[in-house]
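> one predicted model, sequence on top.
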Amino acid sequence: MARYIGPKSKIARKFREPIFGPDKVLTKKNYPPGQHGNSKKRQKVSEYGVQLQEKQKAKYTYGILEKQFALIFDRASRASGVTGEMLLKLIEARLDNVVYRMGLSATRSGARQLVSHRHITVNGSVVNIPSYTLKPGDIISVREKSKSLEVITNALSGHTNKYSWLEFNASTLNGTFLNLPDRELIPENIKEQLIVELYSK
């Protein structure tokens, strides 16, 4: 499946947020790319443009393509609860995102690669589908032969974030997906209501 492999700093500058993690370029140039990026006379963005931009930001942040994103939104709209919040909860329950949240990879793209290369198991079985949706109680582990991977040990050495909806044991490299997170616990700066309004048109 195709993935965005272009310049990440350019995308971060477009949204004026470090959506791929700390970015030195964004710090120096906190304005959109292009010859008119730093101009004060930039054209005003329409309501539709603002909504579309928010959806694109969510897609880039989590590394999800259009068709997959639309499918997740459809599931969220049919689930009980607030659609926008359910959208983010379902995205957070993706296996690649949980591997990233547990600190097994420094980036979501790296977490996706760990899953695709069969380094991760769910409830004792290898799962190589990054979009696999976890259920409360699922146990996520690193395969025994993959525990010494340098990319994993390096990521864990710099990992400090803890999330209340995840349980993780750094010594055994396994964790549990406890529950879908409440919206206020999800740190990403995404205005999900704008995405709901976009799909409602």
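Looks like it arrived, so ask away.
> helices of this protein, start to end?
Residue ranges of the helices in the chain, as given by DSSP state H, are 8-15, 24-28, 47-62, 66-78, 83-92, 95-101, 108-116, 150-157, 192-199.
> counting contacts, what elements does the longest one pack onto?
If I follow you right, that is helix 47-62. The helices and strands touching helix 47-62, judged by 3 or more Cβ pairs under 8 Å, 6 or more residues apart in numbering; DSSP states H and E, are helix 8-15, helix 66-78, helix 192-199. From N, CA and C alone the C-beta is placed, and that goes for glycine too.
> what residues sit buried inside that helix?
With burial defined by 16 or more other Cβ atoms under 10 Å, the residues of helix 47-62 counted as buried are 51, 53, 54, 55, 56, 57, 58, 59, 60, 61, 62.
> state the mean pLDDT of it.
Mean pLDDT, helix 47-62: 91.
> just the fifth one next, same as before
When the per-residue pLDDT values of helix 83-92 are averaged, the result is 97.
> got it, and the second one?
Mean pLDDT, computed over helix 24-28, is 56.
> in this structure, what secondary structure element scores lowest on mean pLDDT?
helix 24-28 (a mean of 56; mean pLDDT, DSSP states H and E).
> about what we covered before: the helices and strands packed on helix 47-62: which one's closest to residue 169?
Closest to residue 169 of the helices and strands packed on helix 47-62 is helix 66-78 (Cβ to Cβ; 29.1 Å).
> list the contacts of the closest one.
Helix 66-78 has contacts (Cβ atoms under 8 Å, 6 or more residues apart in numbering) with 55, 58-59, 64, 83-84, 86-87, 89-91, 131, 195, 199.
> hang on, the earlier thing: tell me which of the buried residues of helix 47-62 is nearest to residue 111?
residue 62 (10.7 Å).
> wait, the closest one touches residue 94, no?
Yes: here residue 62 lies in contact with residue 94, judged by Cβ atoms under 8 Å, at a distance of 7.5 Å.
> out of the contacts of helix 66-78, which is nearest to residue 150?
residue 131 (26.0 Å).
> that closest one contacts residue 95, doesn't it?
Yes: counting by Cβ under 8 Å, residue 131 touches residue 95, with 7.3 Å between them.
> more neighbours, those two?
Using other Cβ atoms under 10 Å, the more surrounded residue of residue 131 and residue 95 is residue 95, with 24 against 17.
> distance of the more buried one from residue 134?
Separation of residue 95 from residue 134 (Cβ to Cβ, to the nearest Å) stands at 6 Å.
> so what sits against both of the two?
122, 140.
> residues making contact with stretch 142-160?
Contacts of stretch 142-160 (Cβ under 8 Å, 6+ apart): 103-106, 110, 114, 118-121, 126, 170, 173-174.
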